[in-house]
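Engineer: Sequence first, predicted coordinates after that:
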Amino acid sequence: MSLELCVIEGDGIGKEVIPAAIDVLRCVAPNVTIHRAEAGWETFLRCGTSLPNDTLRMAHECGAVLFGAAASPSYPVDGYSSPIVQLRRGLQAYANVRPTRYLPVPTAREGVNLVVVRENTEDLYVGHEHTEDEGRTGIAEKVITRGATERVARVAYEMATRVGRKKVTIVHKANVLPQSDGLFRSVALEIAQEFPHILTEELLVDTAAYWLVKDPTRYDVILTSNLYGDILSDMAAAWGGGLGLAPSLSVGDKVALAEPVHGSAPDIAGQGVANPTAAILSIAMLLRHHWGRHEDALAVEGAVCDALREGNHTSDIYTEGAISTDDFTRRVCAHLTS
């Protein structure tokens with residue numbers, strides 16, 4: 001089966017780590033067809049839009065997207081909005097999947113192997129904000145719907161079933177927000193009843209954060225809403241070696257958008273020292289969850305771990321003995337082709 005992939009390098013180090021990830025993908029899927037498209041701050045400066053219509057069309061046609069990173073101006077710019085947010089909404093990629101597992105680097109914690117499944121389209125991130133009282137009061141609406149909660153909960157439980165995970169922890173703050181978080185909680189628990197083979201527990205978000213710091217190994221799958229998931233998944237990433245190593249996949253109905261969690265890192269862009277691990281592991285997520293190539297995903301993840309275990313690392317891990325983006329990529333590929 002031919003694989004179709006829309007590739008958007010974006011800005012900054014996206015132009016370095018995404019080609020590295022494609023090199024690794026070709027080792028296990030040489031038949032992949034790459035369709036290149038553009039988005040990001042540089043695209044906005046050149047075209048007047050951060051996400052051209054042609055890019056969104058190509059993403060829809062391919063059904064699978066690999067996105068690098070987008071730079072964001074530190075000041076308001078008329079007409080500019082985040083291309084990755086637009087892309088998620090345009091594709092209706094409604095569930096964000098963020099795994100954290102132990103990698104053989106000094107800052108990771110052995111035994112951690114969890115995944116955060118986060119609703120990706122609503123909550124406080126719908127952008128319904130306004131000010132009152134002559135600018136002295138800011139108000140934001142938190143939107144939780146039954147439909148969005150049902151579909152993200154099904155993603156969490158179906159994924160847990162498919163890959164052999166045993167427990168889902170539903171995270172909310174229903175004791176304080178009974179109408180919004182209470183709805184998320186009740187709908188998630190309804191879906192849980194359809195999966196009696198999966199152990200379900202629930203935690204308040206502050207308690208969940210406490211245990212994520214104290215003992216992250218207690219978690220298997222965390223199911224939560226948009227804001228809490230954004231925060232908890234970044235917290236969890238610290239146990240996997242940091243945000244620079246963290247992959248993600250946003251999924252919808254027959255679409256998947258893979259993206260490394262890190263930003264565009266303009267301070268190191270163009271120097272050939274960026275860490276491609278997150279982009280490579282995002283490819284592994286596409287292989288497993290979208291294309292159904294579980295063995296290839298395991299091979300890519302194993303090759304990354306082998307390369308790191310041998311002492312190969314970029315300078316963000318530690319400076320002594322650091323190698324370039326290209327050198328690290330070649331060593332990962334060597335494990336896949338040997």
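Structural biologist: That came through, no problem.
Engineer: switch to C-alpha atoms for all contacts and neighbour counts from now on
Structural biologist: OK.
Engineer: which SS class is Ser81?
Structural biologist: coil (DSSP: H, G, I helix; E, B strand; the rest coil).
Engineer: ok, so what distance separates the spatially closest residue to it that is not a sequence neighbour from Ala256?
Structural biologist: Among residues not flanking Ser81 along the chain, Ser50 sits closest, at 6.9 Å (CA to CA, 6 or more residues apart in numbering). Going from Ser50 to Ala256 by CA to CA, to the nearest Å gives 20 Å.
Engineer: Show me the helices in the stretch 51-200 of the chain, by range?
Structural biologist: Ranges of helices within the stretch 51-200 of the chain are 53-62, 83-91, 146-163, 181-192, based on DSSP state H, counting those that start in this stretch.
Engineer: got the angle for the last one vs helix 146-163?
Structural biologist: What that stands for is helix 181-192. 40 degrees (axes from the mean of the first three to the mean of the last three CA atoms, to 10 degrees).
Engineer: Please list the outside residues in contact with helix 181-192.
Structural biologist: With contacts defined as CA atoms under 8 Å, 6 or more residues apart in numbering, helix 181-192 is touched by 144-146, 149-150, 153-154, 157, 170-175, 198, 200, 225.
Engineer: got it, and the shortest one?
Structural biologist: With contacts defined as CA under 8 Å, 6+ apart, helix 83-91 is touched by 39-40, 50-51, 56, 59-60, 67, 70, 94, 120-121, 250, 252, 255, 257.
Engineer: Of the residues you listed, which count as buried by neighbour count?
Structural biologist: Buried subset of the contacts of helix 83-91 (neighbour count, 16 or more other CA atoms under 10 Å): 39-40, 50-51, 56, 59-60, 67, 70, 94, 120-121, 250, 252, 255, 257.
Engineer: now, among those residues, which is nearest to Gly270?
Structural biologist: Of all the buried ones among the contacts of helix 83-91, Gly270 sits closest to Ala70, with 14.8 Å by CA to CA.
Engineer: so that closest one makes contact with Phe44?
Structural biologist: No. With contact defined as CA atoms under 8 Å, Ala70 does not count as touching Phe44 (10.6 Å).
Engineer: ok so, going back, between the helices of the stretch 51-200 of the chain, which has the poorest mean confidence score?
Structural biologist: Lowest mean pLDDT of the helices of the stretch 51-200 of the chain: helix 83-91, a mean of 92.
Engineer: Give me the buried positions along that helix.
Structural biologist: So for helix 83-91, counting by 16+ other CA under 10 Å, buried means 83-84, 87-88, 91.
Engineer: From those, pick the one nearest Asp316.
Structural biologist: For those, the nearest to Asp316 is Ile84 (24.4 Å; CA to CA).
Engineer: returning to what we had before: tell me the buried residues within the contacts of helix 181-192.
Structural biologist: 144, 149-150, 153-154, 157, 170-174, 198, 200, 225.
Engineer: can you tell me which of the residues you listed lies nearest to Glu9?
Structural biologist: Of the buried ones among the contacts of helix 181-192, the one sitting nearest to Glu9 (CA to CA) turns out to be Ser225, at 28.1 Å.
Engineer: quick one, strands of the stretch 1-150 of the chain?
Structural biologist: For the stretch 1-150 of the chain, applying DSSP state E, counting those that start in this stretch gives strands covering 4-10, 33-37, 64-69, 95-101, 113-119, 129-132, 137-140.
Engineer: Determine how far the last one lies from the middle of the whole chain.
Structural biologist: Its chain's C-alpha centre and that of strand 137-140 lie 29 Å apart, by CA atoms, centre = their mean, to the nearest Å.
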